[in-house]
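Asks: Have a look; sequence and predicted model below, questions after that.
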Amino acid sequence: MVIVGAGFSGLYALHRLRGDGFTVRLVEASSGLGGVWQNNRYPGARVDSHVPNYEYSLPEVWKDWTWGERFPGRDEILAYFDHVDSVLDLSRDVDLDTRVTAALFDAESACWRLSTSDGADYDGRFLLMCTGFGSKPFTPDLAGLADFDGICHHTAMWPEDGVSFAERRVGVLGTGASGVQVVQEAARDADHLVVFQRTPVTALPMVQRRLDRDAQRAAKSGYPERFRRRNEPPGSFDDIRRLDVRALAVSDERRHEVYETAWAKGGFHFWAGTFNDILTSEAANLTAYEFWRDKTRARIDDPRVAEILAPTEPPYPFGTKRPSLEQCYYDVFNQSNVELVDLRATPLESITPAGVRSTAAEFHLDVLVLATGFDANTGGLTSIDLRGSDGRTIAEHWAGGVDTHIGLAVHGFPNMLMLYGPQSTTAFCNGPVCAEIQGDWVAGLLDHMRRNDLSTFESAEESGEAWSAFLAVVAEQTLFGRTDSWYMAANIPGKRRQLMNLPMTDTYLERLDSCAANGYDGFDFIAS
Ligand code: FAD
């Protein structure tokens, strides 16, 4: 078996399947373990999942590991992966600096054949694509970008040696999760910082804090229960739970109290831990937006700037774009060295050799940071020459839109599974949780095949169509379908607009269970 990708998903699958007696080789493009955290080395890169959720639930891994911060930064996460490697002895089955360029299913031998950037070939009966939802950075087609005379990098391709912002004029294009993190760093160091905003982000207070190592050790007796809760419906976090009550079914005072409590906890509590209809009812959603808006505006001195960052009317239903977490994002706009440009009012015209020109002015810059996101969910897969049994690439299969069976398998691609991929719960599920749940499910499927002497599986065409139809209904019945976001594949020109991840982790977990319990419904098998 070949696994592609050494992030949480690929490494868990390697550990699990090796333990089940499979011969596994893992191939990774970057120079170390850790997945997105290898390449996302931009200033301020930090996880938005609080301790102890962004780690494996394996006792042999957590028993000797403690974190320094409630929301760990990139360096600490990479140190964690070193720890995982030393405990689980993973590296002996990993080939680093090896990018898979092509993978072809050879129907005659029922085997996957892979080609890589360093010329090495790999064969395997099963192929596990763990390439992540964010492994293909996206840079918009900006006129003049190649002519910029200063330093310019995408956040996900930041140079290893870093870039100093000190005594420089810095521009940040994009205000999603990475943009918010970079802005907070650049505002501290840069001579002058220009933030180019197209759509306001609804960033939430992180409530970061240093963690006491002794207190963490003492809390470990509760970890088995916490991890059990995290990996079961509703899933994702052990302590973020929606109330079983509608926002408008309670008094104004009670609603305010619920919002204040979630706000004070920080992290994703305000997004995912209040009322059960925030993401389905416009009226309920508005109450959350207004609470967020008023809290946020109270921190911004200039009413004009406040209206751009936290408009009176919601720019989109709250929570249908991923809320970022912030520590001082809104406060930095009160600093004299920080300037906000509203690209809705004065659109970007071009990048010039000296900086960025909008319809209103030219902004001279020494450094331009492209915090412009990813060709999320599918980009990592479609950039590989990945061909199924009919010889067509996966990009060709998905030209008219993505179709998968429960976000794991694609008709025409036998013996191939994708973890943390399109049409799974992916971006709505905490990364390590999804890695473990899907990794265990894959182990169950392969065990089923081994016990029943089955050599090949393939998802049925109609099961992919049915899953896509289900996601379309979810987009319609929630507020997600109303917003142009990367959840809806709307950030990439030409990509079909469709809901790319299921925003109901509980439903997803139940569907995985029912699929396995029904003898892996939606899959066809061939006997050995
Ligand atoms: P990844 O970590 O993306 O790993 C995929 C690996 O595949 C990469 O190492 C990549 O180099 C490799 N790869 C891709 N293509 C090839 C190829 N052709 N050949 C060989 N190797 C290849 N999730 C959360 O739950 N909480 C968070 O707070 C959070 N913050 C995030 C912040 C950032 C900046 C980003 C980008 C993502 C964040 N995520 C977060 C999502 C994150 O992707 C998951 O948490 C987790 O990394 C998923 O692990 P994975 O193994 O599925 O994928």
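Replies: Now that the structure is in, tell me what you want to look at.

Asks: give me every residue that touches Phe196.
Replies: Counting by C-beta atoms under 8 Å, 6 or more residues apart in numbering, Phe196 touches 171-174, 341, 343, 348, 356, 358. Every residue, glycine included, has its C-beta placed from N, CA and C.

Asks: Tell me how far the residue lying closest to Asp95 once chain neighbours are set aside lies from Lys136.
Replies: Among residues not flanking Asp95 along the chain, Val27 sits closest, at 5.2 Å (C-beta to C-beta, 6 or more residues apart in numbering). Taking C-beta to C-beta, to the nearest Å as the measure, Val27 falls 17 Å from Lys136.

Asks: Those two: who's more crowded?
Replies: Val27 (22 against 19; other C-beta atoms under 10 Å).

Asks: Model confidence score at the more buried one, please.
Replies: For Val27, the pLDDT comes out at 98.

Asks: who's in contact with it?
Replies: By C-beta under 8 Å, 6+ apart, the contact list for Val27 reads 2-5, 94-95, 98, 100, 114, 116, 122.

Asks: do Leu368 as well
Replies: Contacts for Leu368 (C-beta under 8 Å, 6+ apart) come out as 148, 150-152, 170-171, 173, 351, 355-356.

Asks: mind checking the SS state of it?
Replies: strand (DSSP: H, G, I helix; E, B strand; the rest coil).

Asks: Tell me the spacing between it and Ala186.
Replies: For Leu368, the distance to Ala186 - C-beta to C-beta - is 11 Å.

Asks: what touches both of those two?
Replies: Common neighbours of Leu368 and Ala186, using C-beta under 8 Å, 6+ apart, are Val170.

Asks: quick revisit: which ones among the contacts of Phe196 come in contact with the ligand?
Replies: Among those, no residue is within reach of the ligand (C-beta under 6 Å from any ligand atom).

Asks: which one among those gets closest to the ligand?
Replies: Set against the ligand, the nearest of those by C-beta to the nearest ligand atom is Gly174 (12.2 Å).

Asks: Tell me if I'm right that the closest one and Phe374 touch.
Replies: No. Look at Gly174 against Phe374 with C-beta atoms under 8 Å: they stay out of range, at 11.1 Å.

Asks: Neighbour count: those two, which is higher?
Replies: More neighbours surround Gly174 than the other of Gly174 and Phe374, with 26 against 23 (other C-beta under 10 Å).

Asks: List the contacts of the more buried one.
Replies: Going by C-beta under 8 Å, 6+ apart, Gly174 touches 196, 198, 370-373.

Asks: interface residues of the stretch 151-300 of the chain facing the ligand?
Replies: By the rule C-beta under 6 Å from any ligand atom, the part of the stretch 151-300 of the chain lying against the ligand is Ser178.

Asks: where does the stretch 1-150 of the chain come near the ligand, residue by residue?
Replies: Counting by C-beta under 6 Å from any ligand atom, the stretch 1-150 of the chain comes close to the ligand at 4-10, 27-30, 35-36, 38, 40, 47-49, 54, 99-100, 130-135.

Asks: Just the ones of the residues you listed in helices?
Replies: Counting by DSSP state H, those place 8-10, 36, 38 in helices.

Asks: For Tyr330, which non-adjacent residue is spatially closest?
Replies: Distances taken as C-beta to C-beta, 6+ apart place Arg299 nearest to Tyr330, at 4.5 Å, with adjacent residues excluded.

Asks: same deal with Lys295?
Replies: Counting by C-beta to C-beta, 6+ apart, Lys295 lies nearest to Trp263, which is 6.7 Å off, once chain neighbours are set aside.

Asks: separation between the most centrally placed residue in the chain and Asp48?
Replies: By C-alpha atoms, centre = their mean, the chain has its centre lying nearest to Ala427, at 4.6 Å. Separation of Ala427 from Asp48 (C-beta to C-beta) stands at 11 Å.

Asks: Then Glu290?
Replies: Distance, Glu290 to Asp48, by C-beta to C-beta: 23 Å.

Asks: Which one's more surrounded, these two?
Replies: Higher neighbour count among Glu290 and Asp48: Asp48, with 20 against 14, using other C-beta under 10 Å.

Asks: for the more buried one, phi and psi?
Replies: Here is the backbone geometry of Asp48 (degrees, to the nearest 10): phi -100, psi 10.

Asks: hey, C-alpha coordinates of the helix or strand containing Met449 in CSV?
Replies: Element membership of Met449 [criterion: DSSP states H and E] is helix 431-451. C-alpha atoms of helix 431-451 as CSV (Å, rounded to 0.1, in the frame of the first residue of the first chain):
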residue,chain,number,x,y,z
GLY,A,431,-7.8,17.7,11.8
PRO,A,432,-6.5,14.9,14.1
VAL,A,433,-10.1,13.8,14.8
CYS,A,434,-10.9,13.3,11.2
ALA,A,435,-7.5,11.6,10.7
GLU,A,436,-8.3,9.0,13.4
ILE,A,437,-11.9,8.5,12.5
GLN,A,438,-11.3,8.0,8.8
GLY,A,439,-8.0,6.1,9.4
ASP,A,440,-9.9,3.6,11.6
TRP,A,441,-12.7,3.3,9.0
VAL,A,442,-10.2,2.5,6.3
ALA,A,443,-8.6,-0.1,8.5
GLY,A,444,-12.1,-1.6,9.0
LEU,A,445,-12.7,-1.7,5.2
LEU,A,446,-9.4,-3.4,4.5
ASP,A,447,-9.9,-5.9,7.3
HIS,A,448,-13.4,-6.7,5.9
MET,A,449,-11.7,-7.3,2.5
ARG,A,450,-9.0,-9.5,4.0
ARG,A,451,-11.5,-11.6,6.0
